[in-house]
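> need a structure here:
(2 chains)
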2 protein chains.
Amino acid sequence: MPTDTANSFGEFDLIERYFSRHKTPDLSEQNSAEGSINFLLGVGDDCALLSPPMLGDVLAVTTDMLVEGRHFLPGADPEKLAHKCLAVNLSDLAAMGAKPIAFTLSLALPKINEPWLEKFSNGLYALADTYHCKLIGGDTTSGPLTISITAFGEVNPREALRRSGAVANDDIWISNVVGDARLALGHLRGEWPLKPEVLKRTQARMDTPTARVALGLALRQVANSAIDISDGLLGDLRHILKASKLNAQVLIDDVPVSKDLADSSLELKRLCSLKGGDDYELCFTAPEFNREIIEGISKSLDIKLTRIGKVTSATDTFGNIELFDGDKQLLDKELTSRYLGSFDHFKRN
Amino acid sequence: MPTDTANSFGEFDLIERYFSRHKTPDLSEQNSAEGSINFLLGVGDDCALLSPPMLGDVLAVTTDMLVEGRHFLPGADPEKLAHKCLAVNLSDLAAMGAKPIAFTLSLALPKINEPWLEKFSNGLYALADTYHCKLIGGDTTSGPLTISITAFGEVNPREALRRSGAVANDDIWISNVVGDARLALGHLRGEWPLKPEVLKRTQARMDTPTARVALGLALRQVANSAIDISDGLLGDLRHILKASKLNAQVLIDDVPVSKDLADSSLELKRLCSLKGGDDYELCFTAPEFNREIIEGISKSLDIKLTRIGKVTSATDTFGNIELFDGDKQLLDKELTSRYLGSFDHFKRN
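So this is what the prediction gives:
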């Protein structure tokens, strides 16, 4: 609904003041057919113009929307919030093996709050600049706090890490540790109490996740498939299995966790690591003969990479995961179904 | 905030059921270096893959977020709402002279409502298919009803219609008529009453605007600059003038309006046509020697195109607009400032 009255601090000022750092001069005369990434227009026209990536590469496009009260708590620190919103998109690019190049931002705000915007903008650019990822366009409006980012990366389509690329007998790998974000969330929700120092460490993992961009790039000719863990390890792994029409076996007590989570009860450790979302680690599958290469990547990037199971062939049905405990015993149906429930954005709490 | 409990009708089902019509097979083996537009992956992986447009072209990228209660009324018809959300993005592409090729959708919904989703999906695909514009990715979540679309088009960067391209002595043109959306809104807000048949016609313009895609394409070697009228004619024209560092003179009573608006009082006609947003007509500037070509475009596309003023040179300041009435008399300062206030998304009503 349009309004027809002016305001001393409006949408255009907002964009200009807080979101124009990557604004570029109008380079209409430059030769854009060379294949390098060029931003002909940044924030400030009807559209941004994005020239094609390297010859042979394609653009990877992903979009994520974060809503207050759903994806983050009211009163969340704006700097961390901005980091997270961009990080979850960069994580999708990483899971595709794509190199981040640019993004757009749509922002609904309940009111103009300059200190908030300043911090949000700082958090956004801090992460964006780390990856030379440019803010090329956006939209701001009033409304319940909602942040929608669409991010662009470049990748050779033959090297892209697709969910559909898994092969029977692939190893299943996971980066770093999982479950900390869920452990912190449980405390914030009153499900279990954490010691202050544990909360601090695990909440940092929830609030400012690391997108595994370098890992995604390194895995491009090594992994057969990949996904980032946003909704829970087993649920996300199942997306790979469904897309690849395969099944899997997972050694659930081999799933790597932090010392904080390892110190919890077995049940809590399993629930958080298998079903907890918001970790943004990469789960990928790769042939056995790439184990040494993957261990080399782990060393060179200083990221722990752990094998947690195998992809198995499918006969009648696919997308099934058999869970084994630390004694290599198959879990019973009840426990299996308990752990296989995935994070769902529409579940009311 | 992740949840760790499953739901029988979750995000993934939603996407699969309502937003997968443009899903494409995994074409990793196809040769994508040919230059034609290819969608390697549609909805359903971490990212969509979008291959480069025609050699020499660039991608035009635009994003718009619509929030219930701000951009549309609670209870808005979902089919029309979907149309409008996509149309406003297509309108930005049109204003750049870009050909629509694809878009992503992020959708926050207060609850799962299948009939609503069915209608929303129908409205979305009906418009998308008109322009062969593919839904290639998205995100759904629970939250206050919010729709964020990022749309992609292709354009040769030398032909793109930039806001910064206006030249002194350019004619200022406008497509079709403006002000109807504002006229309807005034009735809905209780500012003035409209006859039922007038409300019906003008509200249709507000609810289901037409993106001037074909016009934008036709103007690519004809106009020097263009913008779509989303926030009000004069405010949007001022964006062209600021970007081009120029001024303008506008004959406000030459601004084309519908018969419904022409039948209103002079004051209402002026307010709606000059300041009313949500029209999505194109305002563009072009050299005088292109008048015949533009009249030809008008005929061939069957869209009224009207000259409403001139771009003028700037000395000290730019972005100024002088307004003249039907007797070619300069309006006084008070009236001028009354009409020059632009729609602002942050003004509280």
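> may I have the phi/psi pair for the residue of the stretch 201-349 of chain A found nearest chain B?
Distances between the stretch 201-349 of chain A and chain B by CB to the nearest CB are smallest at A:Gly277, namely 3.3 Å. Where C-beta positions appear, they are placed from N, C-alpha and C, glycine not excepted. The phi/psi pair for A:Gly277 (degrees, to the nearest 10) reads phi -90, psi -170.
> if I read this right, it contacts A:Asp231, doesn't it?
Yes: the criterion here is CB atoms under 8 Å, and A:Gly277 meets it with A:Asp231 at 4.6 Å.
> now do the residue of the stretch 201-349 of chain A closest to chain B, the pLDDT please.
Note for A:Gly277: predicted pLDDT of 86.
> before we move on, what about A:Arg158?
For A:Arg158, the predicted pLDDT is 88.
> cool, A:Phe343 as well?
46.
> re the thing from before, number of residues surrounding the residue of the stretch 201-349 of chain A closest to chain B?
Using other CB atoms under 10 Å in any protein chain shown, A:Gly277 has 27 other residues around it.
> low-scoring stretches of the stretch 1-150 of chain A, by residue?
A:1-13, A:23-44, A:52-53 (pLDDT under 70).
> ranges for the helices of it?
A:11-18, A:78-96, A:114-130 (DSSP state H, counting those that start in this stretch).
> spit out the contact partners of the closest residue to chain B within the stretch 101-250 of chain A.
Closest to chain B within the stretch 101-250 of chain A is A:Gly143: 3.4 Å, counting by CB to the nearest CB. Contact analysis of A:Gly143 by CB atoms under 8 Å, 6 or more residues apart in numbering or on different chains lists A:108-110, B:65, B:67-70, B:144, B:146.
> which of those count as buried?
Among the contacts of A:Gly143, the ones that count as buried by 16 or more other CB atoms under 10 Å in any protein chain shown are A:108-109, B:65, B:67-68, B:70, B:144, B:146.
> mind putting those into a markdown table with distance to A:Asn122?
Shown next, in a markdown table, are the buried ones among the contacts of A:Gly143 (distance: CB to CB, whole Å):
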| residue | distance to A:Asn122 |
| --- | --- |
| A:Ala108 | 20 |
| A:Leu109 | 16 |
| B:Met65 | 22 |
| B:Val67 | 25 |
| B:Glu68 | 30 |
| B:Arg70 | 26 |
| B:Pro144 | 26 |
| B:Thr146 | 25 |
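> ok, the residues you listed vs B:Leu266, which is closest?
B:Arg70 (30.0 Å; CB to CB).
> with adjacent residues omitted, what lies nearest to that closest one?
A:Gly143 (5.3 Å; CB to CB, 6 or more residues apart in numbering or on different chains).
> what about stretch A:92-104, start to end distance?
Stretch A:92-104 has its terminal residues 15 Å apart, counting by CA to CA, to the nearest Å.
> that one vs chain B: in contact?
Yes: legend: contact between stretch A:92-104 and chain B by CB under 8 Å from any CB of the partner chain is shown at A:92-93, A:95-96, A:98, A:102, A:104.
> take the residues you listed and lay them out in JSON lines including neighbour count.
Formatted as JSON lines, the residues of stretch A:92-104 next to chain B follow (neighbours: other CB atoms under 10 Å in any protein chain shown):
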{"residue": "A:Asp92", "neighbour count": "29"}
{"residue": "A:Leu93", "neighbour count": "31"}
{"residue": "A:Ala95", "neighbour count": "35"}
{"residue": "A:Met96", "neighbour count": "29"}
{"residue": "A:Ala98", "neighbour count": "33"}
{"residue": "A:Ala102", "neighbour count": "25"}
{"residue": "A:Thr104", "neighbour count": "25"}
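> and the two most separated of those residues?
A:Ala95 and A:Thr104 (19.6 Å).
> ok, A:Ala48 touching B:Thr62?
Yes: with contact defined as CB under 8 Å, A:Ala48 counts as touching B:Thr62 (7.3 Å).
> find residues that contact each of the two.
A:104, A:137.
> which of the buried ones among the contacts of A:Gly143 sits closest to B:Pro115?
Once CB to CB is applied, the member of those that ends up nearest B:Pro115 is B:Glu68, at 17.3 Å.
> and that closest one, bridged to which residues?
Listed beta-bridge partners, B:Glu68: B:Phe72 (assigned using DSSP bridges).
> where's it relative to B:Thr62, distance?
Noted for B:Glu68: a distance of 21 Å to B:Thr62, by CB to CB, to the nearest Å.
> please apply the same query to A:Asp92.
For A:Asp92 relative to B:Thr62 (CB to CB), the value is 20 Å.
> ok, back up a step: farthest-apart pair in the buried ones among the contacts of A:Gly143, please.
Checking these with CB to CB, the most distant pair is A:Leu109 and B:Glu68, at 15.1 Å.
> against chain B, how distant is A:Val61?
5 Å (CB to the nearest CB, to the nearest Å).
> contacting residues for that residue?
A:150-152, B:47-50, B:102, B:104, B:136-137, B:150, B:152.
> and for it, nearest residue in space, chain neighbours not counted?
Using CB to CB, 6+ apart, the closest residue to A:Val61 is B:Ala48 (4.6 Å).
> before we move on, what about A:Lys245?
Here the residue nearest A:Lys245, using CB to CB, 6+ apart, is A:Phe318, at 4.5 Å.
> the one you found contacts A:Ile240, doesn't it?
No: here A:Phe318 lies out of contact with A:Ile240, judged by CB under 8 Å, at a distance of 10.6 Å.
> ok, these two, which is more surrounded?
Set side by side, A:Phe318 and A:Ile240 show more neighbours around A:Ile240, with 26 against 17, by other CB under 10 Å.
> give me phi/psi at that one?
phi -60, psi -50.
> the helices in the stretch 201-349 of chain A, which residues?
A:213-218, A:233-244, A:259-262, A:266-275, A:291-301, A:333-340.
> distance to chain B added to these, as CSV?
As requested, the helices of the stretch 201-349 of chain A are exported to CSV (distance: least, CB to the nearest CB, whole Å):
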stretch, distance to chain B
helix A:213-218, 9
helix A:233-244, 7
helix A:259-262, 14
helix A:266-275, 5
helix A:291-301, 19
helix A:333-340, 8
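> which ones are touching A:Ala60?
A:93, A:96, A:98, A:152-155, A:160, B:47-50.
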